[in-house]
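Student: here is the input, now give the coordinates:
(one chain, ligands or ions: 1)
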Amino acid sequence: MSKRNNKILIAYFSRRGMNYLNGKVVNLQVGNTEVIAKKIQMITGGDLFEIRTAADYPSDYMETTRIARNELRTNARPVLAEYIEDIENYSVIYLGYPNWWGTFPMAVRTFLEFANFKGKTIIPFCTHEGGGFGHSETDIRKLCPDSILLPGIAIQGGSAATADNRLQEWLIKSNS
Ligand SMILES: Cc1cc2nc3c(=O)[nH]c(=O)nc-3n(C[C@H](O)[C@H](O)[C@H](O)COP(=O)(O)O)c2cc1C
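Tutor: Residues are numbered from 1 along each chain as shown. A predicted model of the protein is given here:
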């Protein structure tokens, strides 16, 4: 494989604003998943891509949960603000998202359906408030049957800032 298509991508969805952190509603300036994505970027030296919807979700937590549940129920594909155009340059994709209603936000579906992940290695990471990965790994497998899915890491949102050691250990394992 040439160097050109051997790069690491860290693609993530994360929402700033009011969110639960250790059981309390707080205003997050940087989303939990974004905190983890940037740590993975620092360790691996990969490229970052934020999966961002064209329409922002509200800052209000309850309002966001209502919209997200509706998107899940209607199998929506939220329009993204930007689409990845050079996926062929990457062989390994760290895919990050919060657990929303037991799986990844529907915008991640839009992302996974837009590009061709055939033959690529996908390594998921997720932040959550107790539900871990939910069924998101099964959902990735269904959407990307021709990709190699490696064991991911699920981190409680409130532990994102202090997850460095866990991340290091996991990254060493996932690269060996
Ligand atoms: C719409 C919505 C739905 C959520 N559903 C779940 C859930 O089903 N299980 C869970 O453990 N946490 C759930 N959470 C909590 C988030 O997964 C958690 O706060 C996460 O760290 C947020 O990441 P972010 O700051 O990167 O967006 C939900 C949060 C939102 C906003």
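Student: next SSE after the helix or strand of the chain with the lowest mean pLDDT?
Tutor: In the chain, no helix or strand scores lower on mean pLDDT, DSSP states H and E than strand 17-21, which sits at a mean of 82. The helix or strand immediately downstream of strand 17-21 is strand 24-28, counting by DSSP states H and E.
Student: picking that back up, so is the least confident helix or strand of the chain next to the ligand?
Tutor: Yes - applying C-beta under 6 Å from any ligand atom, one finds strand 17-21 touching the ligand at 19-20. All C-beta atoms are positioned from the backbone trio N, CA, C, and that covers glycine.
Student: show me what that strand packs onto, helices and strands only.
Tutor: Counting contacts by 3 or more C-beta pairs under 8 Å, 6 or more residues apart in numbering; DSSP states H and E, strand 17-21 packs against strand 24-28, helix 61-73.
Student: mind exporting the C-alpha coordinates of the longest one to CSV?
Tutor: This means helix 61-73. Extracted C-alpha coordinates of helix 61-73, given in CSV (Å, rounded to 0.1, in the frame of the first residue of the first chain):
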residue,chain,number,x,y,z
TYR,A,61,-30.7,19.1,26.3
MET,A,62,-34.3,17.9,26.4
GLU,A,63,-35.1,19.6,23.1
THR,A,64,-32.1,17.8,21.5
THR,A,65,-33.2,14.4,22.9
ARG,A,66,-36.7,15.0,21.4
ILE,A,67,-35.3,15.8,17.9
ALA,A,68,-32.8,13.0,18.1
ARG,A,69,-35.5,10.4,19.0
ASN,A,70,-37.6,11.7,16.1
GLU,A,71,-34.7,11.3,13.7
LEU,A,72,-34.1,7.8,14.8
ARG,A,73,-37.8,6.9,14.5
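Student: mind listing what's buried in it?
Tutor: Buried residues in helix 61-73, counting neighbours by 16 or more other C-beta atoms under 10 Å, are found at 61, 64, 67-68, 71-72.
Student: what average pLDDT does that helix get?
Tutor: Helix 61-73 carries an average pLDDT of 96.
Student: any idea which helix or strand comes after that helix?
Tutor: Downstream of helix 61-73, the next assigned helix or strand under DSSP H and E is strand 90-98.
Student: returning to that earlier point: between the buried residues of helix 61-73, which is nearest Glu88?
Tutor: Closest approach to Glu88 among those (C-beta to C-beta): Glu71, at 29.0 Å.
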